[in-house]
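# model this:
(one chain, ligands or ions: 2)
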Amino acid sequence: MRQPRSRTILVTGGAGFIGSHLCEALLALGHRVICLDDFETGSPANLAAVAGHPRFSLIEHDVARPLPSGLRPEIICNLACPASPVHYQRDPVHTLKTSVMGALHLLELARATGARILQASTSEVYGDPELHPQAEGYWGNVNPIGPRACYDEGKRAAETLFFDFHRQHGVAIKVARIFNTYGPRMHPEDGRIVSNFVVQALRGEPLTVHGDGRQTRSFCHVDDMVRALIALMESEPGITGPINLGNPEELEVIEVARRVLALTGSASPIVFRPLPVDDPRRRRPSIERARTLLGWQPRVGLEDGLARTVAHFAERLRPAAPAPAR
Ligand code: NAD
Ligand code: UDP
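Ligands and ions are numbered 1, 2, ... in the order given. Below is the predicted model:
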């Protein structure tokens with residue numbers, strides 16, 4: 001494959017779950033990576049593999065605040081935003097500021113420098129969808145005043161800003177609508193389904209299924225997601241998106257619990273907890289656009305991906321060996 005030209009790429013949210021994998025992949029392709037993150041949900045530990053790399057640098061900064069001067073990226077990937085309901089609902093006003101003010105600051109930077117800019121949007125723009133599977137032409141069904149709105153509406157407003165900067169100022173944009181993504185480096189306490197179930201199973205704690213567990217999600221392995229984001233980033237200028245990125249393999253939540261129990265061999269029971277307010281009933285991407293425009297489709301099946309994630313968390317949760325006696 002032809003190696004792309006080496007570029008300076010600003011990755012906001014680069015210390016998070018998806019962002020840290022993206023930074024690594026971009027460095028491996030020969031790019032210079034500037035990670036900008038305020039560590040709200042990310043961590044320096046996620047950057048351990050890239051920290052000393054000569055083409056990597058880190059800026060600790062909140063995107064909701066005016067950006068530091070002197071940034072001259074050729075490409076911007078905006079991933080800065082807490083992604084798990086537990087995290088984004090902790091300070092909802094700041095979540096909204098992160099999405100809206102963050103997008104505004106980064107789009108202004110893109111306009112000033114001529115950088116291409118990619119937005120990590122979300123399947124949450126479809127809310128609790130009436131159309132199934134969800135295609136990009138669907139406008140969504142979002143409760144604008146519920147507890148998820150700070151995230152959903154923040155991301156929707158960010159998309160609006162992206163398309164207005166594109167139409168009004170000619171900024172080169174790429175908008176990815178990311179569906180549920182899982183894999184190594186998910187925060188073990190972030191409340192998301194895969195990390196929760198795997199950690200609970202490994203610790204022998206009950207698996208907490210919300211509602212009756214009949215709601216569905218479609219899960220994409222982070223390696224596939226990073227490949228998709230890079231394909232979109234490198235795509236020709238006419239491709240602005242929005243473009244769904246995800247794995248259409250759809251599962252009921254209760255089935256995810258069963259699979260995790262089978263894979264870990266855990267004897268943990270399944271317990272049922274109240275369904276969170278506005279929890280979407282179904283979610284599955286139509287990925288026809290990604291297939292035809294990017295030539296991308298997921299390669300990692302759920303069984304394989306879950307097994308890899310279980311192995312990762314088993315290693316991470318293993319108690320440190322006692323120091324050798326002197
Ligand atoms: P994450 O919480 O692991 O990573 C988010 C990163 O952004 C963290 O490093 C965090 O510290 C940083 N951040 C948050 N607010 C910031 C701010 N104001 N300024 C600077 N940095 C800030 O989440 P993730 O799962 O890696 O998600 C990355 C992006 O992808 C997010 O924008 C999220 O909305 C989007 N996304 C993720 C999923 C998913 O399933 N993981 C699904 C849809 C969309
Ligand atoms: N969920 C669950 N138990 C958990 C965590 C999540 O049953 O311990 C459910 C959650 O209510 C939702 C689905 O799993 O129906 C996916 O939740 P997650 O927070 O991972 O992502 P999102 O709701 O943003 O799609």
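
# this structure: helices as residue ranges?
Using DSSP state H, the helices found in the chain span residues 17-28, 85-88, 92-113, 149-169, 193-203, 222-233, 253-264, 288-289, 302-317.

# let's have the ones you listed in CSV, adding distance to ligand 2.
Yep, even glycine has a C-beta here, placed from its N, CA and C like the rest. Formatted as CSV, the entries for the helices of the chain read as follows, by distance: least, Cβ to the nearest ligand atom, whole Å:
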stretch, distance to ligand 2
helix 17-28, 12
helix 85-88, 5
helix 92-113, 13
helix 149-169, 8
helix 193-203, 4
helix 222-233, 14
helix 253-264, 5
helix 288-289, 21
helix 302-317, 13
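
# now mean pLDDT too, for these, in a markdown table please.
Listed next are those as a markdown table, based on pLDDT from 0 to 100:
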| stretch | mean pLDDT |
| --- | --- |
| helix 17-28 | 98 |
| helix 85-88 | 94 |
| helix 92-113 | 98 |
| helix 149-169 | 98 |
| helix 193-203 | 97 |
| helix 222-233 | 98 |
| helix 253-264 | 97 |
| helix 288-289 | 98 |
| helix 302-317 | 95 |
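
# can I get these in CSV including distance to Val125 and mean neighbour count?
Putting those into CSV (distance: least, Cβ to Cβ, whole Å; neighbours: other Cβ atoms under 10 Å) gives the following:
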stretch, distance to Val125, mean neighbour count
helix 17-28, 17, 23
helix 85-88, 14, 20
helix 92-113, 11, 20
helix 149-169, 5, 19
helix 193-203, 20, 22
helix 222-233, 16, 22
helix 253-264, 21, 19
helix 288-289, 15, 17
helix 302-317, 24, 17
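
# these: which one's closest to Leu58?
Each of these has some distance to Leu58 by Cβ to Cβ; the shortest is helix 17-28, at 9.5 Å.

# put the alpha carbons of that closest one into PDB.
Extracted C-alpha coordinates of helix 17-28, given in PDB (Å, rounded to 0.1, in the frame of the first residue of the first chain):
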ATOM      1  CA  PHE A  17      -9.600   4.900  24.800                       C
ATOM      2  CA  ILE A  18     -10.000   5.400  21.000                       C
ATOM      3  CA  GLY A  19      -7.700   8.400  20.800                       C
ATOM      4  CA  SER A  20      -4.700   6.600  22.300                       C
ATOM      5  CA  HIS A  21      -5.100   3.800  19.700                       C
ATOM      6  CA  LEU A  22      -5.400   6.400  17.000                       C
ATOM      7  CA  CYS A  23      -2.300   8.200  18.100                       C
ATOM      8  CA  GLU A  24      -0.300   5.000  18.000                       C
ATOM      9  CA  ALA A  25      -1.600   4.100  14.500                       C
ATOM     10  CA  LEU A  26      -0.800   7.600  13.100                       C
ATOM     11  CA  LEU A  27       2.700   7.400  14.500                       C
ATOM     12  CA  ALA A  28       3.100   4.000  12.900                       C
END
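
# same for that helix, what does it pack against?
With contacts defined as 3 or more Cβ pairs under 8 Å, 6 or more residues apart in numbering; DSSP states H and E, helix 17-28 has these neighbours: strand 8-12, strand 32-37, helix 222-233.

# quick one: closest of these to Pro188.
Using Cβ to Cβ as the measure, helix 222-233 is the one of those that comes nearest Pro188, at 15.1 Å.

# what is the orientation angle of that closest one with helix 17-28?
Following axes from the mean of the first three to the mean of the last three Cα atoms, to 10 degrees, one obtains 60 degrees for the angle between helix 222-233 and helix 17-28.
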